[in-house]
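1. Pasting the sequence and the predicted model now:
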Amino acid sequence: MMVKLALRNAMLALMVSTLLGCSSVDYANYSDQASQTEADLSQRLLAQLLAESKQRDAATTSPVAVATLTDLVNVPELQQFITSALANNPSLQQSVVALNMAYAQHGITSASRLPSVDAGFSGSATEDSDDSYTTDITVSWELDLWQKIADSSHAALKDIASSQASLQSAKDLVAANVMRSWLDISLQRQLVAIETQRLAVLENNQALIMARYRVGLGSLEDLDNANTSTASTRATLASYQEQLAQSQRDLTLLTGQWTGEELAANIATKFPAVINPISVLGEQNLGRRPDVKMAFYNIEAESLRTDAAYKAMLPSISLSASLTDMAESPSDALLTGPLWSVLGQLSAPLFQGGLLKSQAELARLTTEQSYWIYQDTLLTAVNEVENSVGQEYSLAKQQQYLTEAQMSAERSFVSYEEKYRQGLVDIFDLLTVQQQTYDIEAQLATTIYNRLVNRIDLGLALGLGVSA
């Protein structure tokens, strides 16, 4: 008898070891591989970019420390809109609800680790018999021998961490969009001001040409050209004014508080200075990006679910205890003289048509899929950093050259204006130089705007965000 019992225990131990071995295949290393890949890529990428950026930014003095995304465009009035957007933006609130749902799901999963208590009360009446009432209380509990329930609970915790990262990503994106809208309003106001000045000059020129034409000193072609330039500038100005109105509406939409009134915001027509060198931003690493965090937590969650799926093939032990009382009246049936019973049950799946095996294989493949999603997210992050840094250097050069061009154009206009007063050039030469000055001024404003927006994109790419 003892030999049979020992043989049976040995076979059970062998079966358990085999199944546990199935639950520790290579998918368990996905999270380690992902973590190592992120560390290697971050180290190589940022070392390369920072080495180049420090050479380019060597002349920059007194860099300002950057801790959050809002430090890139630090305007006190802007912070009010960001605060309002973080509190009221509908898209962001959806992420908040998703996080709360993840907490609720963890509560459902964790409840399986605790005993459950059920109470029942019933009564029956039969003809020619006394009434009977039954009360029972049952306590049941599944022993988590293989940590299957614990794995599911820990997977739910990883889901919470993933939802937290998703919420942080949504917050960062909302703040970035508010900052972009703020800068776009500033740009449109500058462009409206430039076109307004241009239109005033062209209208004066049109009036002058009309007066000269009336006394026979000008040609009809000159008058038509003046009318064409004036009408074209009016069309451009109308377009900029509508773009300004749309930008204001977009900023209102982001705050989640539509009032039906025009946005009243003290937005300056000058951009804040770009003072932070790339080397200050690059002290971050890709592991701080919320989307990278979210993808990593998903790997860990799916790995734990895969463990639980394989452990579902193992035997399970459940215990239950109950108290039952039966009487002829409700008061006497309230467990005054109960009968108790205890039941222990050992069950193991023998044949379910390959269901459990297929579920475990599906869980393993889901883990592998999460790993490749992480790889895709990480490579996308690297690409975004490289593109933003490259764009930063390009826009910095464009800003430098356009600033030099603007200074030259202004000097040229002063020179032509003096020659015009001396009668050495005509009004059309002077206007041509003045129009060139306005064109360069508009190009410079657009380039500075693009550089500031690119700085926001770079901050997001490097994992800078709003305060958690």
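-> Now that the structure is in, tell me what you want to look at.

2. Could you use CA atoms for every contact and neighbour count after this?
-> Will do.

3. how near is Phe121 to Arg212?
-> Separation of Phe121 from Arg212 (Cα to Cα, to the nearest Å): 107 Å.

4. Ala98 now?
-> With Cα to Cα as the criterion, Ala98 and Arg212 are 71 Å apart.

5. Who has more neighbours out of the two?
-> Neighbours per residue, other Cα atoms under 10 Å: of Ala98 and Arg212, the larger number sits with Ala98, 17 against 14.

6. Correct me if wrong, but the more buried one is in a helix.
-> Yes: note on Ala98: a helix contains this position according to DSSP: H, G, I helix; E, B strand; the rest coil.

7. Could you pull out the helices in the stretch 1-150 of the chain for me?
-> Per DSSP state H, counting those that start in this stretch, the stretch 1-150 of the chain carries helices over the ranges 2-22, 30-56, 76-88, 90-111, 148-214.

8. can you list contacts of stretch 371-386?
-> 30-31, 34, 38, 41, 45, 286, 291-292, 295-296, 299, 458, 461-462 (Cα atoms under 8 Å, 6 or more residues apart in numbering).

9. Quick one: which of the residues you listed is the most crowded by neighbours?
-> Ile299 (31 neighbours).

10. Skip the chain neighbours and tell me the closest residue to Ser110.
-> Nearest non-adjacent residue to Ser110, counting by Cα to Cα, 6 or more residues apart in numbering: Ser153, 5.3 Å away.

11. Ranking the helices of the stretch 1-150 of the chain by mean neighbour count, which comes first?
-> Comparing the helices of the stretch 1-150 of the chain by mean neighbour count (mean count of other Cα atoms under 10 Å), helix 148-214 ranks first with a mean of 21.

12. any idea of the angle the next helix or strand after that one forms with helix 90-111?
-> Later in the chain than helix 148-214, the nearest helix or strand by DSSP states H and E is helix 220-255. Per axes from the mean of the first three to the mean of the last three Cα atoms, to 10 degrees, the angle that helix 220-255 makes with helix 90-111 is 30 degrees.

13. Quick check: mean pLDDT of helix 220-255?
-> Average pLDDT, helix 220-255: 86.

14. next one: stretch 185-203
-> Averaged across stretch 185-203, the pLDDT comes to 90.

15. Next, the residues that contact that stretch from outside, please.
-> Here stretch 185-203 makes contact (Cα under 8 Å, 6+ apart) with 226, 229-230, 233-234, 236-237, 240-241, 243-244, 247-248, 267-271, 435, 438, 441-442, 445-446, 449.

16. can you give me phi and psi for Ser112?
-> Backbone torsions of Ser112, given as degrees, to the nearest 10, read phi -70, psi -20.

17. I should have written Gly344 there, sorry.
-> Per-residue torsions, Gly344: phi -110, psi 140 (degrees, to the nearest 10).

18. Who are the contact partners of it?
-> Contacts for Gly344 were tallied using Cα under 8 Å, 6+ apart; they are Ile317, Ser318, Leu319, Ser320.

19. Of those residues, just the buried ones, PyMOL syntax please.
-> Per 16 or more other Cα atoms under 10 Å, the buried members of the contacts of Gly344 correspond to this PyMOL selection:
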select buried, resi 320
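
20. Taking the contacts of Gly344 together, which two end up most distant?
-> Distance extremes for the contacts of Gly344: the farthest pair is Ile317 and Ser320 at 10.3 Å, using Cα to Cα.

21. What is the least confident helix or strand in the protein?
-> The helix or strand of the chain with the poorest confidence is helix 2-22; it has a mean of 40 (mean pLDDT, DSSP states H and E).

22. and the residue nearest to Ala119 when sequence neighbours are not counted, how many neighbours?
-> Computed as Cα to Cα, 6+ apart, the closest residue to Ala119 that is not its neighbour in sequence is Ile137, at 4.4 Å. Applying other Cα under 10 Å, we find 17 residues neighbouring Ile137.

23. do you know how far Ile137 is from Ala111?
-> According to Cα to Cα, Ile137 and Ala111 sit 19 Å apart.

24. The nearest residue to Ala161 once chain neighbours are set aside: neighbouring residues, count only.
-> Leaving aside its sequence neighbours, Ala161 sits nearest to Tyr297 (Cα to Cα, 6+ apart; 6.6 Å). With neighbours defined by other Cα under 10 Å, the count for Tyr297 comes to 24.

25. just Ser124 next, same as before
-> Residues lying near Ser124 (other Cα under 10 Å) number 10.

26. Just give the nearest non-adjacent residue to it, would you?
-> Closest residue to Ser124 in three dimensions, ignoring its sequence neighbours and counting by Cα to Cα, 6+ apart: Ser132, at 5.5 Å.

27. cool, and Ala156?
-> The shortest distance from Ala156 to any residue other than its chain neighbours is 4.9 Å, reached at His106 (Cα to Cα, 6+ apart).

28. what about the stretch 1-150 of the chain, any weak spots by pLDDT?
-> For the stretch 1-150 of the chain, applying pLDDT under 70 flags the ranges 1-28, 42-43, 45-67, 126-131.

29. change it to 50
-> Residue ranges of the stretch 1-150 of the chain with pLDDT under 50: 1-25, 58-63.

30. can you give me phi and psi for the residue nearest to Ala161?
-> Tyr297 has phi and psi values of phi -60, psi -30 when expressed as degrees, to the nearest 10.

31. Settle this for me: it is touching Ser162, isn't it.
-> Yes: Tyr297 lies in contact with Ser162 (Cα atoms under 8 Å); the separation is 5.5 Å.

32. rewinding a little: with distance to Thr403 added, can I get the helices of the stretch 1-150 of the chain in CSV?
-> Shown next, in CSV, are the helices of the stretch 1-150 of the chain (distance: least, Cα to Cα, whole Å):
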stretch, distance to Thr403
helix 2-22, 67
helix 30-56, 19
helix 76-88, 27
helix 90-111, 40
helix 148-214, 16
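
33. For the stretch 251-400 of the chain, which segments count as helices?
-> Using DSSP H, counting those that start in this stretch, the helices of the stretch 251-400 of the chain run over 278-281, 290-311, 355-421.

34. helix or strand right after the longest one?
-> This means helix 355-421. Heading C-terminal from helix 355-421 (DSSP H and E), you reach helix 427-461.

35. buried residues in that next one?
-> For helix 427-461, the buried set under the neighbour-count rule, 16+ other Cα under 10 Å, comprises 430-431, 433-438, 440-461.

36. got a pLDDT number for Asn450?
-> 93.

37. need the contact list for it.
-> Contacts of Asn450 (Cα under 8 Å, 6+ apart): Leu395.

38. Would you mind measuring from it to Gln399?
-> From Asn450 to Gln399 the distance is 10 Å (Cα to Cα).

39. ditto for Ala176
-> According to Cα to Cα, Ala176 and Gln399 sit 22 Å apart.

40. Since that was my last question, I'll sign off now.
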